[in-house]
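S.K.: Need a 3D model of the following:
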Amino acid sequence: MIISKKWLGQYMDLSDITIEEMAERITDAGLEVEGVAHMSSGSKLVIGKVLSCEAHPDSDHLHVCQVDLGDTSEQIVCGAPNVAAGQKVIVARVGAKLPDGEIKAGMIRGQASNGMICSLLELGVDAHMLSEESKNGIEVLDEDAPVGNEDPLGYLGLDDAILDVGLTPNRNDCMAAWSMALETGAILHKEVTLPYEEGSANIGTPTKLKVSSETEKCPLFLGKVINHVTIKPSPKWMKELLMAAGMKSINNVVDISNIVMLETGQPLHFYDINAIPAQEITVKDHQACTYTALDGVDYALTDDDIVITTEGKPIGIAGIMGGDDSKIEDTTSGIIIEAAIFHHVAIRNTARRLNLNTDASVRYQKGIEPMATFKAMDRAVALLREYADADGIEETVQYGDNHYTPVAFDVNLDSINKLLGTTFAEAEVMQVLEDLHFAPSKQGENIHVCIPSYRTDISMEADIAEEIIRILGYDRLPSTLPYMPATLGALDKRQRMRRRVRDILSNLGYNEAVSYSLVSKKHIEDAILPCSQDIVEMASPMSEDRRYVRNSLLPSLLGCIAYNQARNQHDVALFEISNVYGNHHVEERLAVAASGALQKNRWQKFSVDVDFYTLKGLAESMLEALGFSNNRIRVQENKLDTKHFHPYRSAELYLGKELLGIFGEIHPAMAKEYAIDDVYGMELNLEVLLNNKASKVKFIEVSKYPSVSRDLALVVKEDVKVADILNSIRKNGKLGKENIIQNVEVFDVYTGEHVEEGHKSIALSINFQSNERTLKDKEINEIFDKILETLKHDVDAQLRA
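M.R.: Presented below is the predicted three-dimensional model:
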């Protein structure tokens, strides 16, 4: 927010405080003043009159001037091309200190020069505020300039200082000069008087003007016809305030629209009445077209942009800039005033796309106070009547409503003091609330406050406490240690599992990856077991590759594999633990992706490549270490997702009856799309593990009794699964209360000669061992016979001859 001391001085007495002290007090109260700048500077200046101007005898561009300074006359050599006799000018006397140095008497090519005739640039005025004529020569004052006046900067309104106030997101109200004045008055404890007369616009004869909106992006629109205005220069005070705000004066009517916007924070737009002969204004969207704005540039509008129209034709880009075909001209005799509320997101999107960040659009984007629309209309009518001879005023027409409800509630001083750790007295708290215009009143033990419409950031007692301490001063907060109950630091169940999984996978040689949670449409389409069908799309994405919040992890890891393989790193083993999202749904997932060799020794020409069984063993080992034994885990043929996984080299993993995840070889078609080769992946839903109780992982002493191994060769049909054979064997391992089958291992699968067609031979080794005693042959033989009977019954297995 840019505001000057002179502007604030219109509303309160600031004669007893410097601009630097103001900046410090405002910063201490929570609104950081990022800079203080003087509009101009210079000492020993005076208004003079050029009595004569002769060409320098020894130069082709210098002039020798005799200048009347009121109390004396001095000869000054001047190099400005526009200096001439009879002009009123600004003169820096000998000894004057200017931004670029000190003025000294001297001889310039043989001619005495006692001072300098100044341009505004030489006095430190911002070049952006100057015309080309002012930039290229000395400043020529008007005929009424008093010769001998020793405050020429004050005469020009340049004796002002500018505050650049950095606003926090919750204080958008201070984008308005009136609100900033009320804030400053509260901080400095000064009485503030605003030039606002409520209801000034509630006058006028019946009107034919009709206003409406066909879009939800415009909830409120005010229109008012003023049939007669006089276009002329603005008053001096208005020009000076606009200059301090970084705006150029155009004419009285246009300047009034800008002044009202700066005062109230509500952008206005004035239309030439002749440009809207039908006296009908409609706000619309879905009006894609090319439109020429006030700056003369053609802008391509889309269906999302809000457009002001009349008779179906655009006359302005809502909330951003008016049109070239309805602007105020020197020939304008009447105007139509627009004051409206537009949806801030729509204005931001349009301004960003068109690269058109105007003063109006910035205010709409940050938010406008609910009653500013009506205040701005009142203020505009009052100024137009006073400075533009406004006449033929018609009644205000309104579409929609601002849906504003005044905010009022009770606060308790004891609660506030307890929250702040202070002992503020009631009298000083009441004074702060009065200064903030919160209309405090005692209600028993409480204080009732009524929040002004411009303070949209105040809604509860904690907000009032914050206002009190920032106005009274943060230095009044006592230095105390916070009272906190002692708590035992510990990890919760989710944190323990996450750390344990990280440790297990890291110890097995896998590296943890951290990839972006924001992904492209491609990653969403390739989701593995998506956590929700309702994907989360960013309202304002950084790019198309970061538009969606991911609902699966594995596609991100495949991108990491592709990155490595493209750089000749083919032996990669990665895992990632992260959340995936849907609308109103979050799941924690584990993804693993690996390619190339898991172990390799070039000297011994030894290599173990990653395959289906690598991930199967990884999953089983990890789950067993977490307390989920193999008898609770079930692996079955993958029928859920054969689009992203190889249909014959992948499997579904279950914990009990709940689907835990999918693992296996990535489908060749998907691998081609990601530019990867021979990659195996797995994605598990860790929520399933968290929702199931894990068994305690116990230490089991190595048995001191001998083990017995029996080999078995079976012939079964080709469609029989080895897992079914293993389950049949294991369920016969009981000897009393002890399970003596310690391990079953497949060491050969054979089809071909000596095996019936449609059948296969499977060779297994069964390991028997007790933890309590040495097993007898008779006991082992009995169990072995039971195994053969069960295999015959369950899978129709025959001993191979």
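
S.K.: Show me what the closest residue to Asp142 other than its chain neighbours bridges to in the sheet.
M.R.: Counting by CB to CB, 6 or more residues apart in numbering, the nearest residue to Asp142 once its immediate chain neighbours are dropped is Lys88, at 7.0 Å. C-beta coordinates here come from the backbone N, C-alpha and C atoms, glycine included. In this entry, Lys88 is beta-bridged to Lys49, Leu141, by DSSP bridges.

S.K.: How about residues contacting the longest helix anywhere in the chain?
M.R.: Longest helix in the chain by number of residues (criterion: DSSP state H): helix 777-795. With CB atoms under 8 Å, 6 or more residues apart in numbering as the contact definition, helix 777-795 has outside contacts at 708, 710, 712, 714, 716-717, 720, 724-725, 728-729, 731-733, 735, 740-741, 766, 768, 797-799.

S.K.: cool, and stretch 10-21?
M.R.: Residues contacting stretch 10-21 (CB under 8 Å, 6+ apart): 5, 8-9, 22, 36, 161, 163, 178, 181, 184-185, 188, 190-195.

S.K.: buried stuff in it?
M.R.: Under the neighbour-count criterion of 16 or more other CB atoms under 10 Å, stretch 10-21 has Gln10, Tyr11, Met12, Leu14, Ile19 buried.

S.K.: same deal with stretch 612-626?
M.R.: So, applying 16+ other CB under 10 Å, buried residues of stretch 612-626: Phe612, Thr614, Leu615, Lys616, Leu618, Ala619, Glu620, Met622, Leu623, Glu624, Leu626.

S.K.: So for the third one, what's the nearest residue that isn't a sequence neighbour?
M.R.: Counting by CB to CB, 6+ apart, Leu615 lies nearest to Phe663, which is 4.4 Å off, once chain neighbours are set aside.

S.K.: how many other residues sit next to Met261?
M.R.: For Met261, the count of nearby residues is 26 (other CB atoms under 10 Å).

S.K.: The closest residue to it other than its chain neighbours: what's it in contact with?
M.R.: Distances taken as CB to CB, 6+ apart put Pro267 closest to Met261, at 5.0 Å, once the chain neighbours are dropped. Counting by CB under 8 Å, 6+ apart, Pro267 makes contact with Met261, Gly319, Asp359, Ala360, Arg363, Tyr364.

S.K.: could you redo the last one with a cut-off of 6 Å?
M.R.: By CB atoms under 6 Å, 6 or more residues apart in numbering, Pro267 lies in contact with Met261, Ala360, Arg363.

S.K.: With Tyr510 instead?
M.R.: Ala573, Phe575.

S.K.: Now with 10 Å, please.
M.R.: Arg502, Ile504, Val572, Ala573, Leu574, Phe575, Glu576, Val592, Ala593, Ala594, Leu598, Leu618 (CB atoms under 10 Å, 6 or more residues apart in numbering).

S.K.: Take those and lay them out in JSON lines including distance to His646.
M.R.: Listed next are the contacts of Tyr510 as JSON lines, based on distance: CB to CB, whole Å:
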{"residue": "Arg502", "distance to His646": "28"}
{"residue": "Ile504", "distance to His646": "26"}
{"residue": "Val572", "distance to His646": "19"}
{"residue": "Ala573", "distance to His646": "19"}
{"residue": "Leu574", "distance to His646": "19"}
{"residue": "Phe575", "distance to His646": "20"}
{"residue": "Glu576", "distance to His646": "22"}
{"residue": "Val592", "distance to His646": "16"}
{"residue": "Ala593", "distance to His646": "14"}
{"residue": "Ala594", "distance to His646": "15"}
{"residue": "Leu598", "distance to His646": "19"}
{"residue": "Leu618", "distance to His646": "17"}
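
S.K.: Can you pull out the low-pLDDT segments for this structure?
M.R.: 801 (pLDDT under 70).

S.K.: got the domain boundaries for it?
M.R.: If you go by automatic domain parsing, the domain ranges for the chain are 2-39+161-188, 45-155, 210-400, 407-472, 493-690, 708-799.

S.K.: wait, which of the ones you listed is closest to Met484?
M.R.: Closest to Met484 of these is domain 407-472 (CB to CB; 13.7 Å).

S.K.: now that closest one: how far from the chain's centre is it?
M.R.: 31 Å (CA atoms, centre = their mean, to the nearest Å).

S.K.: Also stretch 370-386?
M.R.: Computed by CA atoms, centre = their mean, the chain-centroid distance of stretch 370-386 equals 33 Å.

S.K.: Stretch 293-307 now?
M.R.: With CA atoms, centre = their mean as the basis, stretch 293-307 stands 25 Å off its chain's centre.

S.K.: now swap in stretch 657-671 and tell me
M.R.: The chain centre lies 36 Å from the centre of stretch 657-671; the measure is CA atoms, centre = their mean.

S.K.: which residues sit in contact with Asn402?
M.R.: Applying CB under 10 Å, 6+ apart, the residues contacting Asn402 are Pro219, Leu220, Ile341, Ile368, Glu369, Pro370, Met371, Ala372, Thr373, Phe374, Ser453.
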